[in-house]
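Trainee: Just need the structure, nothing else, for what follows:
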Amino acid sequence: MEKHIQELINAFEIHFDCKVNSVNRLAESGSNRRYYRLIGENGSAIACIGAQKAENKAFVAIAKNLKNANINVPEVYFFSKNQYCYLQQDLGNISLADAVDDGCLSGHYSVAHKTLLKKTIAELAHIQCSGAQNMDWSVCYPQSNFDENMIAWDLNYFKYCFLKLSGLEIDEVALQADFDMLSTHLLSVPSDCFMFRDFQSRNVMLLDNELYFIDFQGARRGPVHYDLASFVWQAKMHYSAKFKDSLIECYLTALERYRPVDRQAFYAQFLHFSLFRCLQVLGAYGFRGLYEGKEHFLKSISSALDNLLIISKSLGSQFPYIRKLAKSLTKDNRFVYDEEYF
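Mentor: Prediction:
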């Protein structure tokens, strides 16, 4: 049996005062962490085993701070002394993505779906502002702040894990010029909030008609725009332009409860963060899909490239080489998912 699992079973049996009847490994996603559902007569829990102690420590510490800020996150029942595993609340199987799946497939969301999505994006403002209070940023993994290093890592992720793997010939000087300009724009925005880092529909769970938030172990102090871009431009959601605008407006209304917002400046900054997030996502899809061959990520590449083209066009002449790449990549038949090809 998996190393560490017996320690988690023992912790479960102490917490729930019952024997574990079954241990079921959950499907892997985009990380190397391993998750199991432990079930007994008195309840169930999710066991996590992660090779990075600092990442595990970050999740447990951040979860505690968010819960203290009245934000719905899973309760951590047990954290091992060696920091390689922990036991957390079982939030069930229904993510926000599952709840609105019909809309994802068609691009047409019902009134109930739209209400749920708006509720989620309004809660983001609460997470970002309340979650930043009393946070010990030093626990964040792999770093505590959104800064030029993070920007460079994510842009190079796109360059080396997507562009290079694609085999597309690139002008590295022109690409770096656009990267430098984008970095300058991003660093001009204040970084003073809780940045979830991967705020998207698969990291929101529904339990007893309440929203719960998971997978925040990569959180850090950063600008508010990044998480909004992550949610609004999630590749597989296929939001219409009109509904994207509606989500953004809903978010800004919620954010204004915590701080004044200059809408004109915010929208300009938001486009830069949207471009940055899209490039980072394509880097992840390249690594997990083109390199590791994971089907879910391969299927998402086409939608992410469509987003890249839309965003780069919206920015006009600001990033000419990225826009040129977007035009070329969206016409490349290799990135239209074909099961036989992959």
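
Trainee: so what pLDDT did Tyr341 get?
Mentor: pLDDT recorded at Tyr341 is 36.

Trainee: swap that for Ser106, please
Mentor: In this model, Ser106 is scored at 80, pLDDT.

Trainee: For it, which non-adjacent residue is spatially closest?
Mentor: His238 (7.8 Å; C-beta to C-beta, 6 or more residues apart in numbering). In short, each C-beta sits where N, CA and C put it, glycine included.

Trainee: got the CA positions of the helix or strand of the chain with the lowest mean pLDDT in CSV?
Mentor: For the chain, counting by mean pLDDT, DSSP states H and E, helix 101-106 ranks last in confidence among helices and strands (a mean of 85). Output of helix 101-106 as CSV, limited to C-alpha atoms (Å, rounded to 0.1, in the frame of the first residue of the first chain):
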residue,chain,number,x,y,z
ASP,A,101,-21.4,21.3,-17.4
ASP,A,102,-24.2,21.7,-19.9
GLY,A,103,-23.3,25.3,-20.4
CYS,A,104,-19.6,24.5,-20.8
LEU,A,105,-20.4,22.1,-23.7
SER,A,106,-22.8,24.5,-25.5
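
Trainee: Pull the residues that contact that helix.
Mentor: Residues outside helix 101-106 that contact it (C-beta atoms under 8 Å, 6 or more residues apart in numbering) are 97, 109-110, 113, 236-238.

Trainee: Can I get the residues you listed in JSON lines including secondary structure and neighbour count?
Mentor: Below are the contacts of helix 101-106 laid out as JSON lines (DSSP: H, G, I helix; E, B strand; the rest coil; neighbours: other C-beta atoms under 10 Å):
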{"residue": "Ala97", "secondary structure": "helix", "neighbour count": "17"}
{"residue": "Tyr109", "secondary structure": "coil", "neighbour count": "20"}
{"residue": "Ser110", "secondary structure": "coil", "neighbour count": "11"}
{"residue": "His113", "secondary structure": "helix", "neighbour count": "18"}
{"residue": "Lys236", "secondary structure": "helix", "neighbour count": "16"}
{"residue": "Met237", "secondary structure": "helix", "neighbour count": "21"}
{"residue": "His238", "secondary structure": "coil", "neighbour count": "17"}
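
Trainee: Now tabulate these in JSON lines and tack on distance to Tyr77 and pLDDT.
Mentor: JSON lines is the format used below for the contacts of helix 101-106 (distance: C-beta to C-beta, whole Å; pLDDT from 0 to 100):
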{"residue": "Ala97", "distance to Tyr77": "26", "pLDDT": "95"}
{"residue": "Tyr109", "distance to Tyr77": "36", "pLDDT": "96"}
{"residue": "Ser110", "distance to Tyr77": "36", "pLDDT": "96"}
{"residue": "His113", "distance to Tyr77": "33", "pLDDT": "97"}
{"residue": "Lys236", "distance to Tyr77": "32", "pLDDT": "89"}
{"residue": "Met237", "distance to Tyr77": "32", "pLDDT": "94"}
{"residue": "His238", "distance to Tyr77": "37", "pLDDT": "92"}
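
Trainee: Could you identify the most distant pair in the residues you listed?
Mentor: The span of these, defined through C-beta to C-beta, is set by Ser110 and Lys236 at 17.5 Å.

Trainee: so the residue nearest to Ser106 touches Ser303, yeah?
Mentor: Yes: under the criterion of C-beta atoms under 8 Å, His238 makes contact with Ser303 at 7.0 Å.

Trainee: can you pull out the helices in this structure?
Mentor: Remark: helices assigned in the chain by DSSP state H are 5-16, 53-68, 96-99, 101-106, 111-130, 148-158, 164-166, 172-187, 225-232, 241-255, 263-285, 295-314, 320-330.

Trainee: highest average neighbour count across those?
Mentor: The highest average neighbour count among those, using mean count of other C-beta atoms under 10 Å, belongs to helix 225-232 at a mean of 25.

Trainee: Could the C-alpha coordinates of it be exported in PDB?
Mentor: C-alpha atoms of helix 225-232 as PDB (Å, rounded to 0.1, in the frame of the first residue of the first chain):
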ATOM      1  CA  HIS A 225      -6.600  41.000 -11.500                       C
ATOM      2  CA  TYR A 226      -4.900  37.600 -11.900                       C
ATOM      3  CA  ASP A 227      -7.600  35.500 -10.300                       C
ATOM      4  CA  LEU A 228     -10.300  37.300 -12.100                       C
ATOM      5  CA  ALA A 229      -8.600  36.600 -15.400                       C
ATOM      6  CA  SER A 230      -8.100  32.900 -14.400                       C
ATOM      7  CA  PHE A 231     -11.900  32.500 -13.900                       C
ATOM      8  CA  VAL A 232     -13.200  34.600 -16.800                       C
END
